[in-house]
Each structure stands twice: as structure tokens, then as C-alpha cells.
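Q: any chance you can model this:
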Amino acid sequence: MSEHRVGTQEEWQAAREALLEEEKELTRRSDELAAKRRELPWVEVGKDYRFEAEDGTKGLAELFGGRSQLVVYHFMFGPSYEAGCPVCSSIADTLAPQVPHLKAKDTTLLLASRAPLEKLLAYRERMGWRIEWVSSGGSDFNRDLGFLYTEEELKPFLDGEIPATVEQNARMCGTDVASYVAEGPGLSVYALEDGTVYRTYVTTARGLEPAMAYYGLLDRTPKGRDESPTRPMWVRRHDEYGDGGIP
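A: Next up is the predicted model:
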């Protein structure tokens, strides 16, 4: 750990109180943004998306499971993958235990990926998650939301220098780089009212951090996230860490 300023308890308390005011302001601002999310206009979903679920083929409205709100995490697990994305897996570790709590608030939470359902369910069993997972591989669901890219769209990226972390994650998924980056992670939210499905919110990238609980905790440690573009990605599936961290 690098050298850091050391002070007295009184100095720490004064600095902590000053920081607390900023944290409170951030909390107030976060509440304001949450209200603005709820005020976004709803968009009717007119396309008849079909999904393969454990109990058969379903339409989007059927995924609500009798509730009025639906949250879908778009998990990076393409048709050629042999295992799910490690980062998406770390997110699912956080999401899966939230299912019963969200059900209590009239909300269904599930995962959707383009891989065949058999692969998804086998991987879910390995990970020990209790969350519904559907295959969207037979529809334009991911593509229409911006979570699936064409070969032409990816060409500038693939023709350049591929980041080591991307190559690492592709290997960990048992696929090639092009197939790995063709998929994208994301979160989409829906409302069901009078038989009509509406899309209400979509996010990706750092918008997914609320589901990455470890980052919020690391942000409160002396080392913080301690990440660098020049170092390998540290995140692993939860059954791949050694006793002290990365194997």
C-alpha cells in the first residue's frame, strides 16, 4: 500500500464530518435522479419477442409472472460461449438473492441471454443461483436494445489493438474475441398495464454498478478499486477464487 497521511483522531473526525456533508449531498442528488428515471416516458413494446423458458416458449408479457413490473439483466452468454461472462456472473451473484425481495414489491427480476437454454440452466446450476433465466436467442430482443453488435459494427474495434482484459474474458468464456464482444451487458425495465408492455428504462456500462456490490464496498477501503488498464481483470466467477483471492 502506498504511503498515506496519518493524523490524529480529531483531524480524522473533522475531515470525516466534512466528507459526510458531501456524501449527504450525493444521496440527495441520487434521490432526485431516481425520481427523474420514474418520470421518463414509457414506450410501448410492439414487437412480439419470444423467449425459451423452463416451462416453454413465452412472450414478453408472460415473463412478468403475474406482476406489473419486470427487470431484465442482459447477461453476456452468447451462443458460442461455453461459460458465462465472469463480470456478468459477479453481477448475477448480487442479483439472484434480490429476487424474493423484488417479488414482494410487485417486480419480477430475471436474466436473459442468447445462448441455448440448456447451456444457461447448466451454468446456473454450477453457480447456485435461484433466479429465472430465459434464452432470447431466437429474437431481436438484445439487438433492438443495443446489446448485440454486428461484425461490421465491431470491425474498427477488432482491427485495432485488443485490450488484454477482453482477450482474457473471451478465453474464460471459451469463445473468440469477436463472439465475446458481439454481446453486451445491460439492464432493461418494463411495466405491464392493461395487457400492454411498456419499456421504461435501459442502462449499461457504469449504469450497472448498483448490481456490482463489491465496487461500492471497495470504494470505501484504503486501496479503493485498485484497477489498471495495464493489469489483468481481477474479477473471477465466485467458484474460481483461491483462498486469498485470484488463483
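
Q: flag the shaky bits of the chain, pLDDT-wise.
A: Applying pLDDT under 70 to the chain flags the ranges 1-2, 243-247.

Q: what helix or strand is the residue nearest to Trp42 when sequence neighbours are not counted on?
A: In this structure, Trp42 finds its nearest non-sequential neighbour in Tyr198, 3.7 Å apart by C-beta to C-beta, 6 or more residues apart in numbering. (C-beta placed from N, C-alpha, C; glycine too.) Tyr198 is part of strand 196-203 when elements are defined by DSSP states H and E.

Q: ok, back up a step: how many neighbours does the residue nearest to Trp42 have?
A: When neighbours are counted by other C-beta atoms under 10 Å, Tyr198 registers 14.

Q: and what of Thr200?
A: Using other C-beta under 10 Å, Thr200 is surrounded by 17 other residues.

Q: tell me which residues form a beta bridge with Ala191?
A: Here Ala191 sits in beta bridges with Gln69, Tyr198, as judged by DSSP bridges.

Q: so it makes contact with Phe64?
A: No. Between Ala191 and Phe64 there is no contact under C-beta atoms under 8 Å: 9.1 Å.

Q: intersection of neighbour lists for those two?
A: Jointly contacting Ala191 and Phe64 under the rule C-beta atoms under 8 Å, 6 or more residues apart in numbering are Leu70.

Q: more neighbours: the two, which one.
A: Regarding Ala191 and Phe64, a neighbour count based on other C-beta under 10 Å identifies Phe64 as having more, with 19 against 16.

Q: can you pull the contacts of the more buried one?
A: Counted by C-beta under 8 Å, 6+ apart, Phe64 has contacts Leu70, Thr108, Tyr190, Leu192.

Q: repeat that with 10 Å
A: Counting by C-beta atoms under 10 Å, 6 or more residues apart in numbering, Phe64 touches Lys58, Leu70, Asp106, Thr107, Thr108, Leu110, Tyr190, Ala191, Leu192, Val197.

Q: ok, back up a step: next, the buried residues of the next helix or strand after the strand holding Tyr198.
A: Toward the C-terminus, strand 196-203 is succeeded by helix 213-218 as the next helix or strand (DSSP H and E). Of the residues in helix 213-218, Tyr215 count as buried by neighbour count, 16 or more other C-beta atoms under 10 Å.

Q: kindly report the same for stretch 226-240.
A: For stretch 226-240, burial by neighbour count (16+ other C-beta under 10 Å) applies to Met233, Val235, Arg236, Arg237.

Q: look up the closest residue to the last one, ignoring the ones flanking it.
A: When you say that, I think you mean Arg237. Spatially, and ignoring its direct neighbours in sequence, Arg237 is nearest to Ser89 (4.8 Å; C-beta to C-beta, 6+ apart).

Q: that older thread, can I get the strand holding Tyr198 as PDB, trimmed to CA atoms?
A: Output of strand 196-203 as PDB, limited to C-alpha atoms (Å, rounded to 0.1, in the frame of the first residue of the first chain):
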ATOM      1  CA  THR A 196     -49.800  -3.700 -22.800                       C
ATOM      2  CA  VAL A 197     -46.000  -3.900 -22.200                       C
ATOM      3  CA  TYR A 198     -44.000  -0.700 -21.900                       C
ATOM      4  CA  ARG A 199     -40.300  -0.200 -21.800                       C
ATOM      5  CA  THR A 200     -39.500   2.300 -19.100                       C
ATOM      6  CA  TYR A 201     -35.700   2.300 -18.600                       C
ATOM      7  CA  VAL A 202     -32.500   0.900 -20.100                       C
ATOM      8  CA  THR A 203     -28.900   1.200 -19.000                       C
END
